[in-house]
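K.L.:
give me coordinates for this.
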Amino acid sequence: MERFFLCFIVVFLPSFSFAGGEISFETSEFDFEEVCLGAPVHHDFVFRNVGEEPLVVKDVRSSCGCVYAAWTASPVAVGDTGSVRVYYKNNVSGTFHKTVKVISNSSRPNRKLPLVIKGESVRKKR
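P.N.:
All right, here's what the predicted structure looks like:
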């Protein structure tokens, strides 16, 4: 009987969905419009836990090496807010459109929510 129970846990437990918070961003896209080439660029995306359990942002993955992020690492209680700060290494002139995916324990079907930053990096005018 113990073997049966252990096999059940090993085989079926990973398929169960564990409830989490529910992440809701105020906005999922930010347009910097024009930024001066080389100037530091970042934006804070604010989110709220609108679920019924604490929310944990597990990771934020970027679309390229020129984008990185920092986020609220501690669990966000129901009704509280947190943020994901997205940085862009602004060292190439021209338009940019970059995406990061926020991975959390959200109870939403899509747990990898995209956030977008965009704009145009221009050289300083003399």
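K.L.:
apart from its neighbours in sequence, what residue is nearest residue 90?
P.N.:
Distances taken as CB to CB, 6 or more residues apart in numbering place residue 41 nearest to residue 90, at 4.6 Å, with adjacent residues excluded. For glycine as for every other residue, the C-beta is placed from the backbone atoms N, C-alpha and C.
K.L.:
before we move on, what about residue 101?
P.N.:
In space, and not counting its chain neighbours, residue 101 is closest to residue 112: 4.4 Å by CB to CB, 6+ apart.
K.L.:
what of residue 95?
P.N.:
Nearest residue to residue 95, sequence neighbours excluded (CB to CB, 6+ apart): residue 120, at 4.8 Å.
K.L.:
tell me the buried residues in the helix or strand containing that neighbour?
P.N.:
Using DSSP states H and E, residue 120 sits in strand 112-122. For strand 112-122, a neighbour-count test (16 or more other CB atoms under 10 Å) marks 113, 115, 116, 117, 119, 121 as buried.
K.L.:
per-residue pLDDT, the residue nearest the centre of the chain?
P.N.:
The residue lying closest to the centre of the chain (CA atoms, centre = their mean) is residue 102, at 2.4 Å. Turning to residue 102, the model gives it a pLDDT of 96.
K.L.:
nothing else from me, thank you.
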